[in-house]
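Visitor: give the three-dimensional model of this entry:
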Amino acid sequence: MERNIISEKATIGKNVKIGAFCIIEDDVVIGDNTVIKSYVELREGTIIGKNCYIDSRVSSSGNCSIGNNVTVRYDSIIARGVKIGDGTYICPKMMSNNLNTEHEQIGGADIGANVFVGTGCVLQHGITIGENSVLGSMSFINKNVPANEIWFGNPAKFQKKV
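Guide: Residues are numbered from 1 along each chain as shown. Next comes the predicted model:
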């Protein structure tokens, strides 16, 4: 028995599959051919492109955007203001935030196209991840990452060019 809460003000594209126990709030947009698995929460103003895969227990804080052909795996948190570029792959349990230590909204991370974000990465507020970059698993990303670079560690540091 599926028990979803889907706002009448949400826009759902063609051939979208939505699992059980999802919450989809006002002004959420989900593009064609996207799969939303069970227990997903998409808060107001979340925009998801076409041909995406949003795994179980992913949460968005709202007012964020996910490009086309993006995969967001199990239990990831997409903070308010995060932008995810086309073709990006986010492994399970990625966490992002948009607040500084004074609780001021700085804005979420801006993740470029074709980025690979490893399992358990934490993305600090207001950073930019350049396209085609790789972030190693369990890394704390607190600085901008230029395009075509591999970074990992805690805090993450440049390792090499892709």
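
Visitor: could you tell me the end-to-end distance of stretch 36-50?
Guide: 12 Å (C-alpha to C-alpha, to the nearest Å).

Visitor: swap in stretch 85-100?
Guide: 23 Å.

Visitor: and residue 94, what does it touch?
Guide: Contact analysis of residue 94 by C-beta atoms under 8 Å, 6 or more residues apart in numbering lists 72-73, 76-77, 117, 119-123. To be clear about C-beta, it is placed using only N, CA and C from the backbone, and glycine gets the same treatment.

Visitor: distance of the residue nearest to it when sequence neighbours are not counted from residue 88?
Guide: Closest residue to residue 94 apart from its sequence neighbours, by C-beta to C-beta, 6 or more residues apart in numbering: residue 76 at 4.3 Å. In this view, residue 76 and residue 88 are 12 Å apart by C-beta to C-beta, to the nearest Å.

Visitor: before we move on, what about residue 49?
Guide: From residue 49 to residue 88 the distance is 11 Å (C-beta to C-beta).

Visitor: which of those two has more residues huddled nearby?
Guide: Ranked by neighbour count (other C-beta atoms under 10 Å), residue 49 and residue 88 place residue 88 first, with 25 against 21.

Visitor: fine by me, thanks again.
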